[in-house]
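Undergrad: got a sequence here, can you build the structure:
(chains A and B)
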Amino acid sequence: MYDFDWSSIPGALPFLWDGMKISLEITVTAVIFGIVWGTLLAMLRLSPVKPLAWFAAGYVNLFRSIPLVMVLLWFFLIVPQLLRSFFNLDPNTDVRLTSAMIGFALFESAYYSEIIRAGIQSVPKGQVAAASALGMSYSQAMRLVVLPQAFRNMVPLLLTQAIVLFQDTSLVYMSALADFFGAAYKVGDRDGRLVELLLFAGVVYFLICFAASQLVRRYQKKLNAHVAH
Amino acid sequence: MISIDNVSKHYGSFQVLTDCTTQVKKGEVIVVCGPSGSGKSTLIKCVNGLEPFQAGAITVDGISVGDPKTNLSKLRSRVGMVFQHFELFPHMSITDNLSIAQEKVLGRSKDEARAKGLKLLERVGLKAHAEKFPGQLSGGQQQRVAIARALCMDPICMLFDEPTSALDPEMINEVLDVMVELAQEGMTMMCVTHEMGFARKVANRVIFMDKGLIVEDDSKDAFFGAPRSERARQFLAKILQH
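TA: Here you go, the predicted model:
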């Protein structure tokens, strides 16, 4: 039987908390950027201007067909060089966090755009007709009538995607960036208590994601009750 | 006011409208009827450019709808339209439904738009519901709000696309009453409807369509008295049976 020794965890908590902050930072930036860029992509994809629609479809399909690990790896290898040369940074500046944020944001926006596209399409066509009949331009109809309704329908899916994203941020460990998972791994490795630390990290991920899922589910029930006629 | 001149429209090889020609003068009330799939809704949606057409011309108040140089949004803001399924904006209160286009399209102030909205809401008998959401109103009430929303824009004419066909029977009259009142006040109206009682009461002319063609375009007395085509006679017999 394996002898568990949890003693290295209490002392490592501040370090692990710093890691958690990095995980959350990446998640929040990627969610915000992903929703903004994803909304634009969704609108381009639904645009009657074919080249715009093709560009958006190409972008979405490309990112959805490549494993996240590979996308992140490319970003870790390429983006730091670009950032350094564009902004004339000191070669020693740590841009791993920025690269991770950009990588996740670009990757996640492909997924968000599909959720948002479905949300836009879930709004009845008559709503656009009614907005147009009142003299609204296409962009006014989108902004004032379609998107607010689309987002209300999509909130549960967007949050669920955010939970998946939060779990996926653990992949940044390969750039040796100390996110929560990376921090746990480092501590475990240092103290020779990898099993305990990884179990502990797993439990923390589970608690956060499970609690968040429950909240989303409750919100969805409330939403359904509200929308039902 | 509205002039429709040899308008044709097709979806691929399917001909929806064929050489439709008619005029609506200022203050006239025209009822458009016909079996489903006859193109009557499509025709009325061509009038404010919600449906494009391939041939012919439509002008509203002298402005060509089909001309790519026409500012369609501006033209539409002057043409009121009421839809079969109301199409109120479900995420906004009734007041906001009435104000939003006044503010964003006509540039009226918030207070001005709100005051105008309440005035028209009172006119359709729904002032007490100003702060509710569309989902909290009955179908008939929603359609009356939709009429008020269109009237808020001070339209030069009104288009009605089967305004009562999605309503429960007991709610049809409250909507028709509003429309009759509007007609009697001299509003120029083009109404796609099967409500022949409404047509008898206020229509100046009745247009009967079948398979994308305008088969009859006559005064209501001539139409109800002695329809010229066999197809219209059959249609009337069916619709007036009950």
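Undergrad: which parts of the longest helix along chain A are buried?
TA: Secondary structure of chain A read by DSSP state H shows that its longest helix is helix A:8-45. Along helix A:8-45, these residues count as buried under the neighbour rule (16 or more other CB atoms under 10 Å in any protein chain shown): A:8-9, A:12, A:16, A:19-20, A:22-23, A:26-27, A:29-31, A:33-35, A:37-39, A:41-45. (Glycine included, C-beta is placed from N, CA and C.)
Undergrad: next SSE downstream of that helix?
TA: Once the chain leaves helix A:8-45, the next helix or strand it forms, by DSSP states H and E, is helix A:50-64.
Undergrad: other SSEs contacting that following helix?
TA: Contact here means 3 or more CB pairs under 8 Å, 6 or more residues apart in numbering or on different chains; DSSP states H and E; on that basis helix A:50-64 packs against helix A:8-45, helix A:96-121.
Undergrad: out of these, which is closest to chain B?
TA: Across the helices and strands packed on helix A:50-64, the minimum distance to chain B, taken as CB to the nearest CB, is reached by helix A:96-121, at 12.9 Å.
Undergrad: what mean pLDDT would you report for the closest one?
TA: Per-region confidence: helix A:96-121 scores 91 on mean pLDDT.
Undergrad: okay, buried residues for it please.
TA: For helix A:96-121, a neighbour-count test (16+ other CB under 10 Å) marks A:96-117, A:119-120 as buried.
Undergrad: what is the burial count for residue A:147?
TA: Neighbour count for residue A:147, taken as other CB atoms under 10 Å in any protein chain shown: 19.
Undergrad: let me fix that, I meant to ask about residue B:238.
TA: A total of 10 residues lie near residue B:238 under the criterion other CB under 10 Å.
Undergrad: tally of neighbours for the closest residue to chain B within chain A?
TA: Relative to chain B, the nearest point of chain A is residue A:135 (2.6 Å; CB to the nearest CB). A count of neighbours around residue A:135, defined by other CB under 10 Å, yields 23.
Undergrad: what's next to the helix or strand containing residue B:176, contact-wise?
TA: Assigned by DSSP H and E, residue B:176 belongs to helix B:169-184. Contact with helix B:169-184 is made by B:29, B:124-125, B:138-141, B:143-144, B:147, B:151, B:158, B:160, B:163-164, B:167, B:189, B:191, B:195, B:197-198, B:201-202, as judged by CB atoms under 8 Å, 6 or more residues apart in numbering or on different chains.
Undergrad: show me what the very next helix or strand once past it packs onto, helices and strands only.
TA: Beyond helix B:169-184 in the direction of the C-terminus, DSSP H and E gives the next helix or strand as strand B:189-192. For strand B:189-192, the elements it packs on are strand B:29-33, helix B:40-47, strand B:157-161, helix B:169-184, judged by 3+ CB pairs under 8 Å, 6+ apart.
Undergrad: compute the inter-axis angle for the third one and helix B:169-184.
TA: Between strand B:157-161 and helix B:169-184, the angle comes out at 160 degrees (axes from the mean of the first three to the mean of the last three CA atoms, to 10 degrees).
Undergrad: strand partners of strand B:157-161, parallel vs antiparallel please.
TA: strand B:79-82 (parallel), strand B:189-192 (parallel) (DSSP bridges).
Undergrad: turn those into a markdown table, including mean neighbour count and mean pLDDT.
TA: Putting those into a markdown table (neighbours: other CB atoms under 10 Å in any protein chain shown; pLDDT from 0 to 100) gives the following:
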| stretch | mean neighbour count | mean pLDDT |
| --- | --- | --- |
| strand B:79-82 | 27 | 95 |
| strand B:189-192 | 25 | 95 |
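Undergrad: which residue sits closest to residue B:6 in space, ignoring its chain neighbours?
TA: If you skip the residues right next to it in sequence, residue B:6 has residue B:56 as its closest partner in space, 4.0 Å away by CB to CB, 6 or more residues apart in numbering or on different chains.
Undergrad: ok so the one you found is a strand residue?
TA: Yes - Residue B:56 forms part of a strand when assessed by DSSP: H, G, I helix; E, B strand; the rest coil.
Undergrad: can you give me the buried ones in the helix or strand hosting residue B:116?
TA: Residue B:116 is located in helix B:110-123, with elements delineated by DSSP H and E. Judged by neighbour count using 16+ other CB under 10 Å, the buried positions of helix B:110-123 are B:113, B:114, B:116, B:117, B:118, B:120, B:121, B:123.
Undergrad: ok, the first one to chain A distance?
TA: Yep, that's residue B:113 we're talking about. When distance is defined by CB to the nearest CB, to the nearest Å, residue B:113 is 12 Å away from chain A.
Undergrad: same check, this time on the second one
TA: Residue B:114 sits 16 Å away from chain A when distances are taken as CB to the nearest CB.
Undergrad: assess the claim that that residue and residue B:95 are in contact.
TA: Yes - Residue B:114 is within contact range of residue B:95, at 6.2 Å (criterion: CB atoms under 8 Å).
Undergrad: name all residues that make contact with the residue nearest to residue B:127 when sequence neighbours are not counted.
TA: Closest residue to residue B:127 apart from its sequence neighbours, by CB to CB, 6+ apart: residue B:121 at 5.0 Å. Taking CB under 8 Å, 6+ apart, we find residue B:121 in contact with B:94, B:95, B:98, B:127, B:129, B:130, B:145, B:148.
Undergrad: got phi/psi on the residue of chain A closest to chain B?
TA: Reported as degrees, to the nearest 10, the phi and psi values for residue A:135 are phi 100, psi 10.
Undergrad: chain neighbours aside, what residue packs nearest to it?
TA: In space, not counting the residues next to it along the chain, residue A:135 is nearest to residue B:77; the distance is 2.6 Å by CB to CB, 6+ apart.
Undergrad: what does the pLDDT read for the one you found?
TA: Confidence at residue B:77, expressed as pLDDT, is 94.
Undergrad: phi, psi of it?
TA: Main-chain dihedrals, residue B:77, degrees, to the nearest 10: phi -70, psi -20.
Undergrad: hmm, residue B:104 and it touching each other?
TA: No - shown here, residue B:77 and residue B:104 do not form a contact pair, counting by CB under 8 Å, at 10.1 Å.
Undergrad: these two: who's more crowded?
TA: Taking other CB under 10 Å, residue B:77 and residue B:104 do not tie; residue B:77 has more neighbours (22 against 18).
Undergrad: residues contacting the most centrally placed residue in chain B?
TA: With distances taken as CA atoms, centre = their mean, chain B has residue B:160 as the residue nearest its mean C-alpha position (1.5 Å). For residue B:160, the contacting residues are B:44, B:81, B:82, B:179, B:189, B:190, B:191, B:192, B:193, by CB under 8 Å, 6+ apart.
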